[in-house]
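# Sharing a model prediction with you, sequence too.
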Amino acid sequence: MKFCRLLCVSQCLNMSSLSAPLGQSTFAGNSNENYLPPQQICAVPYRTVPYRNLHLCAALGPFRGCKHPRISYSPFLMGSPEHLHATLKKMSLSTCTTQLTPVYDPYEPDNEWDVETPLKNRRCDAEIPAEGKESSAVVSTSMESVSEHGVSSRVQWGSKYEFILSHIGFCIGLGNVWRFPYVCYKNGGGAFFIPYVICLLTTGIPIVFLEIALGQYFATGGISCWDISPVFRGVGYATTTVVFWLNIYYIVVLAWGGVYLVYCFAYIASDLPWTTCNNAWNTVNCLAPNYTAVASGNVTLDASNATVHTDPAVEFWEKQILNISGGIDHLGGVQWKLAVALLIVWIVCYFCVWKGVKSSGKVVYFTALFPYVMLIILIFRGVTLPGAMDGLKYYLTPNLSKLKEPGVWIDAGTQIFFSYAVALGSLTALGSYNSFTYNCYKHSLYLCACDTITSFFAGFAVFTVLGFMAHELGVSIDNVAESGPGLAFIVYPKAAAQMPGGVVWAILFFIMLLLLGLDSQFVAIEGFVTALVDVYPKVFRKGYRKEIFVASVCFLWYLIGLLTITEGGMYVFQLFDYYSASGLCLLWIAFWECVVVGWFYGADRFYDNIQLMIGYRISPWMKWGWQYAGPSFTAIIFLFSIIKYEPLVYNRLYQYPMWAQIIGYLLALSSMMCIPGYMLYKICQTPGLLKQRWRTATTACIPDRPEAKKAKKVTSFDLLYINGGKKEFM
């Protein structure tokens with residue numbers, strides 16, 4: 001069945017109407033042999049053609065009046081609108097819409113003209129997008145097809161918005177709320193945006209686009225896509241290893257947030273438990289601040305001994321939630337309330353991803369959008385608090401002298417990788433479920449802008465509250481500014497307790513925290529699963545094997561994650577966070593991603609692939625990023641990070657023992673060594689002399705996705721002319 005609308009262009013072709021190049025090269029000579037009677041040329045705006053600016057298809061048949069062309073081969077041409085318009089103008093053709101003729105369909109499996117179906121039975125009523133208008137980003141996947149061998153075909157997003165929201169949900173996570181504002185404040189406030197934007201334009205956006213476009217063009221996950229240069233398949237194994245470790249400990253934050261949320265509801269009619277010292281877990285050193293009513297905006301605080309006593313919010317976090325031990329060498333027992341919370345969160349994540357993008361694509365409509373509602377509410381509440389403007393002043397006041405410090409540039413580059421979730425393979429997995437013609441270039445630009453703006457405004461929600469808290473305590477913001485778990489589970493809950501209706505604001509904050517982490521978590525799970533399923537499709541795409549596999553790895557992650565919720569679990573959590581998915585690992589992987597695409601597969605070649613998908617040649621900015629800026633920035637920041645390396649310390653006091661640091665090094669090396677390790681394995685496995693082995697191991701062996709293969713067959717830039725069975729080109 002054909003789904004196209006045909007616009008027939010008809011005019012008598014005579015020798016006088018042809019331009020000199022056409023007439024001289026093609027029609028000069030015996031007029032009886034070359035003269036064409038009146039006939040038709042059909043220009044087809046084609047709905048599914050990948051090149052949007054190559055959307056005119058023209059076919060000439062040797063029969064009058066657009067009658068049924070009885071030909072056995074498939075004359076098909078595509079050219080740019082300008083090229084075809086100029087050609088048709090030279091031929092003095094005028095348009096008509098009264099006749100239909102069969103046209104080659106590049107998405108038909110036989111790739112032949114349909115000459116058997118009568119014209120009146122052809123369906124040519126599909127809507128054709130206007131030139132320049134973006135086609136639908138996705139193909140509906142209400143039913144998953146199964147091959148004759150029982151292997152399920154690869155599904156796609158049910159809507160382009162599912163992909164957009166999944167990307168937003170994955171990239172905009174806890175790091176935007178609890179890391180970016182603090183890093184910005186620490187590195188010169190508003191001045192930090194100068195190195196941040198430079199790193200974003202030269203490294204961040206090009207690598208984000210690289211990963212998405214790579215997955216989209218080859219329709220495969222984060223491991224097999226690197227067969228564009230097989231010797232570097234270790235890049236895929238490295239990203240998969242990082243996301244394996246990430247999935248173990250990142251979800252623990254959601255368990256902590258879930259327990260806090262339960263306490264909020266349990267104490268909804270009384271004082272929040274982290275504001276008082278009369279609880280079973282409090283020590284004799286606990287001193288609860290004495291707040292008066294804040295309805296008028298004036299709050300007094302009796303904190304004369306605050307520096308020598310323990311804050312109830314700290315005791316609640318360390319004694320009741322973590323029950324923290326004295327060090328990593330005293331793990332102790334599992335905190336069962338956290339174990340139950342962790343199990344519940346894992347069950348929720350499993351049912352979000354167990355059907356792949358068909359299930360997770362629906363969940364993100366809520367998990368990606370609702371945090372924005374919470375963030376807006378918290379921002380509006382924050383700016384009305386006393387001291388809020390002081391907090392914003394600390395956050396935004398530029399300190400240009402900081403730009404001279406290498407550490408500021410290192411933090412800017414590292415923050416880019418954390419914020420945009422690159423070098424994890426998950427963006428490649430998300431892109432692999434796009435339709436072939438989705439404009440991932442515009443998507444990458446818009447989504448990176450959205451991520452940066454969200455991070456910026458998250459600072460308003462954080463620093464207005466920190467300014468309020470510093471105002472109430474009568475101290476500098478330096479003394480209350482925190483990042484990471486300290487901000488989420490000590491500072492912000494304590495600040496919420498000081499607000500009128502504090503329990504409501506605490507509930508809203510922890511709901512936002514849970515949703516921010518939830519969609520990041522299940523997209524990371526999807527990235528890991530997609531990578532392995534695409535390597536072994538015949539194993540996992542049969543029956544319910546994929547669902548069983550997802551359940552198995554989730555249960556494995558849960559069991560390993562129990563180490564992070566023991567009495568010494570916080571030390572284990574920090575060890576994973578500092579080493580396994582550290583900036584060093586991400587920088588190392590991103591460097592090789594740029595090198596492989598920019599130099600081994602070829603930036604120009606990849607540009608050709610992108611042009612097949614989106615229909616136009618993008619600016620050379622991306623190519624420069626892959627070939628020069630990306631490798632340079634990542635290498636420089638990587639080296640500076642090694643030079644400035646400091647051993648892991650918890651809470652500014654606890655020094656990790658050497659054996660724990662060695663475990664951390666091994667966690668980092670477990671992913672980083674995948675690249676040189678697989679490179680050595682591949683070269684040793686390949687037969688021939690060393691030079692031949694290298695040439696073979698760096699030659700792409702990955703097949704194009706079916707749409708790409710068909711698109712390449714319809715991108716001839718010359719008009720195929722048929723003259724009595726004789727094929728000539730204009």
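Perfect, thanks for sending it.
# Next, the contact list for the residue positioned nearest the centre of the chain, please.
Central residue of the chain (CA atoms, centre = their mean): Leu427, 3.4 Å from the mean position. Neighbouring residues of Leu427 by CB atoms under 8 Å, 6 or more residues apart in numbering: 167, 170, 208, 211-212, 215, 421, 527. In short, each C-beta sits where N, CA and C put it, glycine included.
# Just the closest of these to Pro657, please.
Ala421 (31.7 Å; CB to CB).
# just to revisit the earlier point, ok, and the residue nearest to the centre of the chain, which helix or strand is that part of?
helix 426-432 (DSSP states H and E).
# Using CSV, list the CA coordinates for that helix.
What follows is helix 426-432, C-alpha atoms only, in CSV (Å, rounded to 0.1, in the frame of the first residue of the first chain):
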residue,chain,number,x,y,z
SER,A,426,21.6,6.3,28.5
LEU,A,427,21.3,9.2,26.0
THR,A,428,22.3,6.8,23.3
ALA,A,429,19.6,4.4,24.5
LEU,A,430,17.0,7.1,24.5
GLY,A,431,17.9,8.2,21.0
SER,A,432,17.8,4.7,19.7
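# pLDDT (mean, whole number) over it?
Mean per-residue pLDDT for helix 426-432: 95.
# what comes up buried for that helix?
426-432 (16 or more other CB atoms under 10 Å).
# ditto for stretch 554-562
554, 557-558, 560-562.
# Check those against Ala711 and report the nearest one.
Cys554 (37.5 Å).
# which residues touch that closest one?
346, 349-350, 525.
# quick one: which of those residues sit in strands?
Nothing among those maps onto strands, per DSSP state E.
# Show me which of those are buried.
346, 349-350, 525.
# Now the residues you listed in TSV, please, with extra columns for pLDDT and distance to Met389.
TSV is the format used below for those (pLDDT from 0 to 100; distance: CB to CB, whole Å):
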residue	pLDDT	distance to Met389
Trp346	97	42
Cys349	94	40
Tyr350	94	45
Ile525	95	41
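# Show me which of these is closest to Gly361.
Ile525 (13.9 Å).
# Could you tell me the model confidence score at the nearest residue to that closest one once chain neighbours are set aside?
Spatial nearest neighbour of Ile525, excluding adjacent residues (CB to CB, 6 or more residues apart in numbering): Val353 at 5.1 Å. Val353 is assigned 89 on the pLDDT scale.
# And for Thr367?
Per the predicted model, pLDDT is 88 at Thr367.
# Relative to Phe555, how far out is it?
Remark: distance between Thr367 and Phe555 (CB to CB, to the nearest Å) = 22 Å.
# cool, and Gly387?
47 Å.
# same thing with Cys440?
Cys440 is 34 Å from Phe555, by CB to CB.
# And Thr452, by the same measure?
37 Å.
# Separate out the buried members of the contacts of Leu427.
167, 170, 208, 211-212, 215, 421, 527.
# Which ones among these map onto helices?
167, 170, 208, 211-212, 215, 527 (DSSP state H).
# and which of the residues you listed is nearest to Val475?
Phe170 (36.9 Å).
# what residues are up against that closest one?
421, 426-427, 430, 519-520, 523-524.
# go on, Arg693?
So Arg693 contacts 683, 686-687 (CB under 8 Å, 6+ apart).
# returning to that earlier point: mind giving me CSV with the contacts of Cys554 and columns for distance to Ser229?
Formatted as CSV, these follow (distance: CB to CB, whole Å):
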residue, distance to Ser229
Trp346, 36
Cys349, 34
Tyr350, 35
Ile525, 27
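# Gln655 pairs with what?
On the basis of DSSP bridges, Gln655 is bridged to Val649.
# Got the phi and psi for Gln415?
phi -60, psi -40 (degrees, to the nearest 10).
# Tell me which helix or strand the closest residue to it other than its chain neighbours sits in.
Of all residues not flanking Gln415 in the chain, Val183 sits nearest, at 5.4 Å (CB to CB, 6+ apart). If you go by DSSP H and E, Val183 is part of helix 180-186.
# Tell me the first helix or strand C-terminal of that helix.
Toward the C-terminus from helix 180-186 - assigned by DSSP H and E - lies helix 193-199.
# For that following helix, name the packing helices and strands.
helix 406-420 (3 or more CB pairs under 8 Å, 6 or more residues apart in numbering; DSSP states H and E).
# Please identify the buried residues of the helix it packs on?
For helix 406-420, by 16+ other CB under 10 Å, it's 408-420.
# same check, this time on stretch 275-286
Per 16+ other CB under 10 Å, stretch 275-286 contains these buried residues: 275-277, 282, 286.
# Give me the subset of these lying in helices.
In helices, judged by DSSP H, none of the buried residues of stretch 275-286 are found.
# low-scoring pLDDT stretches of the chain, where are they?
Applying pLDDT under 70 to the chain flags residues 1-152, 289-308, 713-730.
# just to revisit the earlier point, including secondary structure, could the buried residues of stretch 554-562 go into JSON lines?
Below are these laid out as JSON lines (DSSP: H, G, I helix; E, B strand; the rest coil):
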{"residue": "Cys554", "secondary structure": "helix"}
{"residue": "Trp557", "secondary structure": "helix"}
{"residue": "Tyr558", "secondary structure": "helix"}
{"residue": "Ile560", "secondary structure": "helix"}
{"residue": "Gly561", "secondary structure": "helix"}
{"residue": "Leu562", "secondary structure": "helix"}
